[in-house]
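# sequence first, predicted coordinates after that:
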Amino acid sequence: MTGTEPLALESLSEGSLRDRFDERDYVADDATVTTVYLALQLERPLLVEGPPGSGKTELGKVLAAAFDAELIRLQCYEGLTAENALYEWNYTKQLLAVQANEGTVAGTSDGESAVDATTPTDADGPSDSRTVFDEEFLLERPLLRAIRSGTDRPPVLLIDEIDRADEEFEAFLLELLSDFQVSIPELGTVSAQHPPIVVLTSNRTRGLSDALKRRCLYLHVEPPSFETEYEIVRRKVPELDAAVAAEVCAIVERFREEAFLKRPGVAETLDWAGAVARLRQDAGDGSASGDEGDPEAISPDEIERTLGCLLKEAEDVDRVDTDLLEQLRDAAATARGRLEE
C-alpha cells in the first residue's frame, strides 16, 4: 500500500487500530493489535491459527468493517482447485460466441482473416481480433477479484480454513502471498494495483508448509481468559445481566477443562449467552429476578436444556453428568462472587 492510498495506513497507529476494534466491539489483546498493525504496515499477509470458535474469521470481518473495505472471502475445503479460487471461463458464453461466428469470433469486416476461436491471443500485445479468451468471457473467483479490485481502497481477502485445502492449493497460493500477483495462461500475469489486506485462518487440522508461513506474519489465538471473555459477552449480548454473563463465562471456562472432543469456543459462548438471555426474556421480564431483585443463578436444569449451544458432539453431551453439573454451578457461584467484590 502506498502513500497515495486512501486508507492512509502510514498514519495508522496501534492506538488508532485498537480504537477501530473497540468501535466494532471486537476485544483484542495487545499481541493481536500489534501483529495486525505490523501486517498492515509491512504489507504482509496475516496467518491466524487457533481452535475453532476463537474469533479468527471474525478478525477478517472486523478489519473490513474497520477500514470500510470490501470483504472477499474464500472458504477452503478439501479438493479446492486453483480454477475454483482464481478464475473460470464462461464456457456457455464462449460456445455461443463460437457458434455465432461459425468457429471464429468477430473477425474484421474488411475481409481480413478472422482469429480461430480456440486460439488465445497475447494479452500484452495489440490485437484487432476478439477471441473467446478475452476478459469478457472471464469469470472472476475470489482470488482474482481481490487482485483486480477496481477501487483505490484495497479489499480484505479472507482465506478461511486454509488447512482444509490440499497441499497443492497451498503451494499455488505462494505467488499471490509473496508478490500479490497471479498468472493466467491466456492473459499473462495479473498484478494488484493496491495489494489486498490478506488474512488466512487455520484450525491446525494439519501442518502448513514453511514456505507459506515465511510469507506471512503469524498470530496464534487461544480461548480468552475469563476477564476477556466476560468483556466480549457484555459487548455482544448487552441484554444479559452482568452477573449472569459472569456465570456464563465461568461455566464455559470450566467446560474447557474437560477432555471433550470439541471444547466450546467464543462462538459457542456467545450462542449460549444469547440463548440464556432469550429464554429468560421469554420466561418473564428478561432477568428472571430473585426475591432481592438480583437475577437468579443459572441452574443445572437451565444448563442441561441448552447444552446444544455449547457442545456439538454426542459423546461430549453424554459426559455431562450430575457431578459435572454441580461443579459448573459452583464455578458460576464463584464468578458471581468475584463480580460482586
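Nice, I can see it. Numbers count the residues shown, from 1 in each chain.

# where do the strands sit along the stretch 101-250 of the chain?
With DSSP state E, counting those that start in this stretch, the ranges of strands along the stretch 101-250 of the chain come out as 138-140, 156-160, 181-184, 188-191, 197-202, 217-220.

# which of those strands sits most buried?
Among the strands of the stretch 101-250 of the chain, judged by mean count of other C-beta atoms under 10 Å, the one packed with the most neighbours on average is strand 197-202 (a mean of 26). Just so you know, the C-beta spots here come from the backbone N, C-alpha and C atoms, and that holds for glycine as well.

# and the angle from it to strand 156-160?
Orientation of strand 197-202 against strand 156-160 (axes from the mean of the first three to the mean of the last three C-alpha atoms, to 10 degrees) gives an angle of 10 degrees.

# give me the helices and strands touching strand 197-202, please.
Applying 3 or more C-beta pairs under 8 Å, 6 or more residues apart in numbering; DSSP states H and E, one finds that strand 197-202 makes contact with strand 46-49, helix 56-66, strand 156-160.

# using CSV, lay out these together with mean pLDDT and distance to Leu208.
As requested, the helices and strands packed on strand 197-202 are exported to CSV (pLDDT from 0 to 100; distance: least, C-beta to C-beta, whole Å):
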stretch, mean pLDDT, distance to Leu208
strand 46-49, 97, 8
helix 56-66, 95, 14
strand 156-160, 97, 12
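
# quick check: Asp19 is in a helix.
Yes. If the criterion is DSSP: H, G, I helix; E, B strand; the rest coil, then Asp19 is within a helix.

# what's the burial count for it?
Around Asp19 there are 11 other residues, counting by other C-beta atoms under 10 Å.

# let me see the contact set for the most centrally placed residue in the chain.
Nearest to the mean C-alpha position of the chain, by C-alpha atoms, centre = their mean, lies Thr57 at 2.5 Å. Residues in contact with Thr57, defined by C-beta atoms under 8 Å, 6 or more residues apart in numbering, are Leu158, Asp160, Thr201.

# looks like the first one contacts Gly60 (just checking).
The one in question is Leu158. Yes. Look at Leu158 against Gly60 with C-beta atoms under 8 Å: they come within range, at 3.7 Å.

# quickly list what's touching both of these two.
Joint contacts of Leu158 and Gly60 (C-beta under 8 Å, 6+ apart) are Leu71, Arg73, Val199, Thr201.

# domain assignment for this protein?
9-81+143-220, 87-140, 226-340 (automatic domain parsing).

# how long is the second one end to end?
Terminal residues of domain 87-140 are spaced 5 Å apart (C-alpha to C-alpha, to the nearest Å).

# state the mean pLDDT of that domain.
Across domain 87-140, the average pLDDT comes to 58.

# before we move on, what about stretch 278-291?
Across stretch 278-291, the average pLDDT comes to 67.

# pull out the buried positions in the helix or strand of the chain with the lowest mean pLDDT.
In the chain, the helix or strand scored least confidently by mean pLDDT, DSSP states H and E is helix 91-100, which has a mean of 77. Taking 16 or more other C-beta atoms under 10 Å as the neighbour-count basis, helix 91-100 is seen to contain the buried residues Gln94, Ala97, Val98.
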